[in-house]
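**Student:** here is my input; please provide its structure:
(2 chains)
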Amino acid sequence: GIQVEQSPPDLILQEGANSTLRCNFSDSVNNLQWFHQNPWGQLINLFYIPSGTKQNGRLSATTVATERYSLLYISSSQTTDSGVYFCAVVGGSYIPTFGRGTSLIVHP
Amino acid sequence: SQTIHQWPATLVQPVGSPLSLECTVEGTSNPNLYWYRQAAGRGLQLLFYSVGIGQISSEVPQNLSASRPQDRQFILSSKKLLLSDSGFYLCAWSVPSPLSPLHFGNGTRLTVT
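**Tutor:** Numbering: from 1, shown residues only, chains lettered A, B, ... in the order given. Presented below is the predicted three-dimensional model:
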């Protein structure tokens, strides 16, 4: 099946800093999503982005499908951005596959 | 609009006891339904998915089973829980298309003692 790798696995920032999270995948995809898992375990859908670039406030994402990667940008980070960020892809099997996530801690 | 309900939110069960977790979706018909488990250490593991009533596919053989008795109801069960069944269980749904996004419920935190 399709392999999904996320980097870095852990990230610690000071409030106000910017960061870039990466998701690499091993095959062509029909669908790619970024999720934020908050400290209570809820998975919040950030972006549905199989290709191109999208922005939502301080967050933006870019997927380059031909090169099999996606990037999530967090600007001016806040403590509420803390949590785990997951990338999930759907390839030819039509089954969503998740990366292992990036754990982000933002200190005040 | 579509919503997904998952309950209970937390559950503490003794080893050897049965389990039933329920998930329902409102506002859509014939959704794809999924059960994921997240053990300590972060990764999400797909347990079961369903593309229709009575149609269940198992991704990982284990002590659990799933059923879909109605179009928008998905149930995760076990006859006898093991300590290793502890974890965070998440139900999700999507429109039946590989191009559609996945939507999650709030999860059930299961502790087997």
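**Student:** tell me which parts of chain A are close to chain B?
**Tutor:** Proximity of chain A to chain B (Cβ under 8 Å from any Cβ of the partner chain) is limited to residues A:30-31, A:33, A:35, A:41-43, A:45, A:48, A:50, A:84, A:86, A:88, A:90, A:94-98, A:100-101, A:103. The C-beta positions use only the backbone N, C-alpha and C, and glycine is treated the same way.
**Student:** show the buried residues in the residues you listed.
**Tutor:** Buried by 16 or more other Cβ atoms under 10 Å in any protein chain shown: A:30-31, A:33, A:35, A:41, A:43, A:48, A:50, A:84, A:86, A:88, A:90, A:94-98, A:100-101, A:103, out of those.
**Student:** if I look at the spatially most central residue of chain B, how far off is B:S77?
**Tutor:** Residue closest to the average C-alpha location in chain B (Cα atoms, centre = their mean): B:W35, at 3.0 Å. To B:S77, B:W35 is 10 Å away according to Cβ to Cβ, to the nearest Å.
**Student:** okay, and the common contacts of those two?
**Tutor:** Both B:W35 and B:S77 are in contact with B:A66, where contact means Cβ atoms under 8 Å, 6 or more residues apart in numbering or on different chains.
**Student:** list the ones among the buried ones among the residues of chain A next to chain B that fall in strands.
**Tutor:** Among these, the members found in strands (DSSP state E) are A:31, A:33, A:35, A:43, A:48, A:84, A:86, A:88, A:90, A:96-98, A:103.
**Student:** on contacts alone, who are the packing partners of the helix or strand of chain A with the lowest mean pLDDT?
**Tutor:** Ranked by mean pLDDT, DSSP states H and E, the helix or strand of chain A with the weakest confidence is strand A:96-98, at a mean of 91. Where contact means 3 or more Cβ pairs under 8 Å, 6 or more residues apart in numbering or on different chains; DSSP states H and E, strand A:96-98 is packed against strand A:83-90, strand B:44-52.
**Student:** near chain A, anything from the longest one?
**Tutor:** Yes - part of strand B:44-52 sits close enough to chain A to count as contact by Cβ under 8 Å from any Cβ, namely B:44, B:46, B:49.
**Student:** quick one: the last one and B:S57 touch, right?
**Tutor:** It refers to B:Y49. Yes - between B:Y49 and B:S57 there is a contact at 5.3 Å, judged by Cβ atoms under 8 Å.
**Student:** those two: who's more crowded?
**Tutor:** The residue with more neighbours, out of B:Y49 and B:S57, is B:Y49; 23 against 12, by other Cβ atoms under 10 Å in any protein chain shown.
**Student:** contacts for the helix or strand hosting A:K54 next, please.
**Tutor:** Using DSSP states H and E, A:K54 falls within strand A:52-56. For strand A:52-56, contacts defined as Cβ under 8 Å, 6+ apart pick out A:46-47, A:60-63.
**Student:** list the buried residues of it.
**Tutor:** Residues of strand A:52-56 classed as buried by neighbour count (16+ other Cβ under 10 Å): none.
**Student:** would you tell me which residues of chain B are close to chain A?
**Tutor:** B:34, B:36, B:38, B:42-44, B:46, B:49, B:59, B:88, B:90, B:92, B:94, B:98-104, B:106-107, B:109.
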